[in-house]
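Undergrad: Sequence and predicted structure below; questions after.
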Amino acid sequence: MLPKVQSASEIVALDLLLSQVEKTSGLPPRHIGIEAQIETTRGLIAVDDICAASDRLEAIIFGPADFAASMEMPVLTGGVQIPEYPGDHFNYVFSRILMAGRANGLQVIDGPYLKVKDIEGLRDFAQRTRILGYDGKWALTPDHVTALNDVYSPTQEQFDQAWDILDAYEKATETEHKGAVMFGDEMIDEASRKMATKFVMRGERAGLRHSKG
């Protein structure tokens, strides 16, 4: 389910309702998940509590158009770049939602890009949340799906390098009993392993296979 929420209490109330639905319908407990959308200033202020409110939560999603209206931004199209602003006007919002979601093990998704036919603009704007670490972005058309899959998936080169890092770190720690090792001209350690693991997981979800495997 995808409710627009402004407080943790709304998630708690929905959780209780879904428990009743599951019981009435003969579904297993905790069978139904929740995807919550942050679309207002109140929702953003409460995003930490919202993300921690229920183990049913699977994803937290940003709704850019309603949020721009809630902020009373002087724009008529939400979810696009504002050329007059010297920077990214949503950077704080993106980061705030991302941290709350990641702290609670949730997927974090950006909202739609409303200039439907501007595929290059979509790609450019999607890069902002991809670089921060978002899992993806809402698509409005099949062309959007193709572009966004390309943006949010690692390249084959990145995927292979991530596997090479994991192999080198495993050899260093389990065979040579080292805590860190040189990988080319870069030192890799446990933090490197965690980053590489994320790349591998994203690549596998996108259908990539290790070219050296």
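TA: Looks like it came in fine.
Undergrad: Against which helices or strands is the helix or strand of the chain with the lowest mean pLDDT packed?
TA: One helix or strand of the chain scores below all others by mean pLDDT, DSSP states H and E: strand 181-183, with a mean of 85. Helices and strands touching strand 181-183, by 3 or more CB pairs under 8 Å, 6 or more residues apart in numbering; DSSP states H and E, are helix 156-170, strand 186-188. C-beta coordinates here come from the backbone N, C-alpha and C atoms, glycine included.
Undergrad: quick one: which of those is nearest Gln107?
TA: helix 156-170 (19.6 Å; CB to CB).
Undergrad: Pull out the buried residues from that closest one.
TA: By 16 or more other CB atoms under 10 Å, the buried positions in helix 156-170 come out as 158-166, 168-169.
Undergrad: sorry, back to before: to Lys198, which of the helices and strands packed on strand 181-183 lies closest?
TA: Evaluated over the helices and strands packed on strand 181-183, closeness to Lys198 peaks at helix 156-170, with 8.2 Å, by CB to CB.
Undergrad: what helices or strands is that closest one leaning on?
TA: Taking 3+ CB pairs under 8 Å, 6+ apart as the contact cut, helix 156-170 packs with strand 181-183, strand 186-188, helix 190-205.
Undergrad: closest to Ser25 among the buried residues of helix 156-170?
TA: Phe159 (41.0 Å).
Undergrad: got the contact list for the closest one?
TA: 199-200, 203, 208, 210 (CB atoms under 8 Å, 6 or more residues apart in numbering).
Undergrad: any idea how far Thr197 is from it?
TA: 12 Å (CB to CB, to the nearest Å).
Undergrad: repeat for Phe183
TA: 15 Å.
Undergrad: Tell me which of those two has more neighbours.
TA: More neighbours surround Phe183 than the other of Phe183 and Thr197, with 17 against 14 (other CB atoms under 10 Å).
Undergrad: which residues pair with that one across the strands?
TA: Using DSSP bridges, the bridge partners assigned to Phe183 are Glu186.
Undergrad: Tabulate the helices and strands packed on strand 181-183 in JSON lines, adding columns for distance to Ser25 and mean pLDDT.
TA: As requested, the helices and strands packed on strand 181-183 are arranged in JSON lines below (distance: least, CB to CB, whole Å; pLDDT from 0 to 100):
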{"stretch": "helix 156-170", "distance to Ser25": "41", "mean pLDDT": "90"}
{"stretch": "strand 186-188", "distance to Ser25": "49", "mean pLDDT": "89"}
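Undergrad: Dump the ones you listed to TSV, plus distance to Gly136.
TA: Listed next are the helices and strands packed on strand 181-183 as TSV, based on distance: least, CB to CB, whole Å:
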stretch	distance to Gly136
helix 156-170	17
strand 186-188	27
